[in-house]
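1. requesting a structural model of the entry that follows:
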Amino acid sequence: MLFNSFAYLVFLPVVVALYWLCPFKYRVPLLLVASYVFYMFWKPIYGVLMIALTVVNYGFGLWLGKLQSDKQLNARKACLASGVIVNVLVLSFFKYAYFLRDLANYLMQVISLKPLPPFSFEIILPLGISFFVFEFIHYLVDVYRGGPVVRSLMDFALFPSFFPTQIAGPIKRYQDFIPQLKSARTLNMQEFNEAIELIIFGLFKKVALADNLAVVVNRCYAHHDLLNCADLWLAAYAFVFQIYFDFSGYTDIARGSALLMGFKVPLNFKLPLLSPSMTEFWHRWHISLSTWLRDYVYIPLGGSKGGKLFTYRNLFITMVVGGLWHGASMHFVAWGALMGAALLFNRLWRALCEQVSFLNELTATKAFHYFAIFLTFQVWTVTLIFFRAETYEIACRVLQKTLFLSLPVQATASEFIPTILGTTGCVTFSLLPAILLVMAICQLLVSRFKGTPGIMPIPENRILFRSAYLAALILILLVVAPDSTPQFVYFQF
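-> Residues are numbered from 1 along each chain as shown. Model prediction:
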């Protein structure tokens, strides 16, 4: 079930109404049933997969909880390893089976052996498996490290299946989520209003902005061989904003849907496109994933406890794992490697600035800060070519043209725009700066009304302004919505 579908427009109010009407003891069962209905709406069979993984990880958690003495350390390690391996194997089968087969065939071709036979069945990737498997692994590792064990199977089952965050995150931590199930909350109208605003704002970003920018991006990449350097830079910039509005819009809807029932889930974005370095960028972009990779990949590898080369190796491996998490393809691996290289360069640059006083003074100026934001944005734009391209080969060809490494051109930008982009995509992309400026001004105004930053922190005595602002968002959303709205970008992960 998509957040931007009519089905969800009916599903969410019904669940929220039943949640607040139910006695407290029935709320968790209600949410559990609703979450499985939400998940099984697409393919009911994958509800069985989530149930099986939930029961298995619940059992591993109880087992780890019983092995707390130092004498049982080896048994605890074996239990943790078994649980992590089960989760990784399930994820690998559904997400990486074709990738591993193709990689094995390539290696066998190199050594002149016969390729593996093709699969006699089709593997369909279950929605959200990358997210809830990471939540299971986090739970097992934290219990191994001494965290509390979740004794209630129903509470534990709701942890990965909670419908607002089930498909594309944010990746929750059970220590934050499970206690919220224990508090008998009452309806808070301030939170309720904030939730509605988050949902409308998220839908606006998804439908009015991301989906129309997708027209530009999809047509550009579908005809990349016809385009010149200027065209492909247009596509690259369009995709930067498309994926930001798409994923942050999803997160806003997820956070708003959860908040309608009083639940708070992690913040996933903090104005990442204004980051002055790639290091800070990953502190602001997909925060729940970057902190997960830090806690469960980077730190277990050794973190920064060894020498510089050891630290750089761990950082690079972590980003490659992050790239592979996004997709079972070499272009995602390349994207992760580029991110790792960018973070390594950032660390080397900071180390150099600390040693050279002139550079240290230069980097402290406002002018350099703005230049750093611009440069970081360009690096992110170029690396996203590997993220968006369908294959590694296409990414390389697009990169060649964008960096003037390939001269032949079959079309000019003036010929390309009316024939390839279409009217809607062009208008949306050309109006994007104006839309962003108006949104920024509105955000500044509503922040000053209350004195604190936020998505829509409007106090109760500014109901008229709130109503006008949200009505304008809904009106624009309805006017510029494309004929068909695609699924969220991160649903495929």
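2. residues near W282, how many?
-> By other C-beta atoms under 10 Å, 23 other residues sit near W282. Using the backbone N, CA and C atoms, a C-beta is placed for each residue, glycine as well.
3. that one: what secondary structure?
-> Following DSSP: H, G, I helix; E, B strand; the rest coil, W282 is assigned to helix.
4. please apply the same query to L127.
-> coil.
5. what segments of the stretch 251-400 of the chain are helices?
-> 278-284, 287-293, 299-301, 308-326, 330-355, 357-363, 366-388, 392-402 (DSSP state H, counting those that start in this stretch).
6. mind checking which of these is nearest M154?
-> Smallest distance to M154 across the helices of the stretch 251-400 of the chain (C-beta to C-beta): 23.9 Å, for helix 287-293.
7. re the thing from before, could you dump the helices of the stretch 251-400 of the chain into a markdown table and include distance to I45 and mean pLDDT?
-> Converted to a markdown table, the helices of the stretch 251-400 of the chain look like this (distance: least, C-beta to C-beta, whole Å; pLDDT from 0 to 100):
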| stretch | distance to I45 | mean pLDDT |
| --- | --- | --- |
| helix 278-284 | 36 | 94 |
| helix 287-293 | 27 | 94 |
| helix 299-301 | 34 | 91 |
| helix 308-326 | 24 | 92 |
| helix 330-355 | 27 | 92 |
| helix 357-363 | 55 | 87 |
| helix 366-388 | 30 | 93 |
| helix 392-402 | 32 | 88 |
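8. in CSV: the ones you listed, plus distance to F131.
-> Output for the helices of the stretch 251-400 of the chain, formatted as CSV (distance: least, C-beta to C-beta, whole Å):
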stretch, distance to F131
helix 278-284, 18
helix 287-293, 9
helix 299-301, 20
helix 308-326, 10
helix 330-355, 16
helix 357-363, 37
helix 366-388, 18
helix 392-402, 25
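9. tell me which of the ones you listed sits nearest to S130.
-> When these are compared for distance to S130 using C-beta to C-beta, the nearest one is helix 308-326, at 6.0 Å.
10. for that closest one, buried residues please.
-> Neighbour-count burial for helix 308-326 flags 311-326 (criterion: 16 or more other C-beta atoms under 10 Å).
11. wait, which of these is closest to F3?
-> H326 (20.1 Å).
12. so, low pLDDT: which residues of this structure?
-> Applying pLDDT under 70 to the chain flags the ranges 120, 404-467, 469, 479-493.
13. what's the longest helix in it?
-> Ranked by residue count, the top helix of the chain under DSSP state H comes out as helix 73-110.
14. of the helices of the stretch 251-400 of the chain, which is nearest L32?
-> Proximity to L32 (C-beta to C-beta) singles out helix 287-293 among the helices of the stretch 251-400 of the chain, at 21.9 Å.
15. and the closest one, how far out from the chain middle?
-> 10 Å (C-alpha atoms, centre = their mean, to the nearest Å).
16. and F241, how far from E280?
-> F241 sits 19 Å away from E280, going by C-beta to C-beta, to the nearest Å.
17. neighbour count for those two, which is higher?
-> F241 (20 against 17).
18. which residues touch M154?
-> 28-29, 32 (C-beta atoms under 8 Å, 6 or more residues apart in numbering).
19. redo those residues as JSON lines? Include neighbour count and secondary structure.
-> Below are these laid out as JSON lines (neighbours: other C-beta atoms under 10 Å; DSSP: H, G, I helix; E, B strand; the rest coil):
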{"residue": "V28", "neighbour count": "17", "secondary structure": "helix"}
{"residue": "P29", "neighbour count": "13", "secondary structure": "helix"}
{"residue": "L32", "neighbour count": "17", "secondary structure": "helix"}
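20. let me have these in a markdown table, extended by distance to R185.
-> Below are those laid out as a markdown table (distance: C-beta to C-beta, whole Å):
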| residue | distance to R185 |
| --- | --- |
| V28 | 12 |
| P29 | 16 |
| L32 | 17 |
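21. out of those, who's nearest Q400?
-> After measuring the contacts of M154 against Q400 - C-beta to C-beta - the closest member comes out as L32, at 51.0 Å.
22. for the closest one, what are its contacts?
-> 154, 157-158, 161.
23. and the buried ones among these, selectable in PyMOL?
-> Here is the PyMOL command that selects the buried residues among the contacts of L32 (16+ other C-beta under 10 Å):
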select buried, resi 157+158+161
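24. next step: the contacts of L32 restricted to strands.
-> Nothing among the contacts of L32 maps onto strands, per DSSP state E.
25. among the contacts of L32, which one sits closest to V55?
-> A157 (8.4 Å).
26. what sits against the closest one?
-> Contacts of A157 (C-beta under 8 Å, 6+ apart): 32, 51, 54, 58.
27. excluding its backbone neighbours, what's nearest the third one?
-> Read that as T54. A157 (4.9 Å; C-beta to C-beta, 6 or more residues apart in numbering).
28. can you list the domains in this structure?
-> 6-184, 191-480 (automatic domain parsing).
29. now the first one, how far from the centre of its chain.
-> Think domain 6-184. Worked out by C-alpha atoms, centre = their mean, domain 6-184 lies 17 Å from the chain centre.
30. tell me which of the helices of the stretch 251-400 of the chain sits nearest to D176.
-> helix 287-293 (10.8 Å).
31. so which elements touch that closest one?
-> Where contact means 3 or more C-beta pairs under 8 Å, 6 or more residues apart in numbering; DSSP states H and E, helix 287-293 is packed against helix 129-144, helix 308-326.
32. mind exporting the shortest one as CSV, just the C-alpha atoms?
-> Just to be clear, that refers to helix 129-144. Extracted in CSV, the C-alpha atoms of helix 129-144 (Å, rounded to 0.1, in the frame of the first residue of the first chain):
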residue,chain,number,x,y,z
ILE,A,129,13.1,-6.3,3.7
SER,A,130,16.3,-4.2,3.8
PHE,A,131,14.8,-2.0,6.6
PHE,A,132,13.2,-4.6,8.8
VAL,A,133,16.1,-7.0,8.5
PHE,A,134,18.4,-4.2,9.8
GLU,A,135,16.0,-3.7,12.7
PHE,A,136,16.2,-7.4,13.6
ILE,A,137,20.0,-7.3,13.4
HIS,A,138,20.1,-4.2,15.6
TYR,A,139,17.9,-5.9,18.2
LEU,A,140,20.1,-9.0,18.4
VAL,A,141,23.3,-7.1,18.6
ASP,A,142,22.0,-4.7,21.3
VAL,A,143,20.7,-7.6,23.4
TYR,A,144,24.1,-9.3,23.0
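33. can you give me the helices in the stretch 101-250 of the chain?
-> 129-144, 153-161, 174-182, 189-203, 211-222, 229-259.
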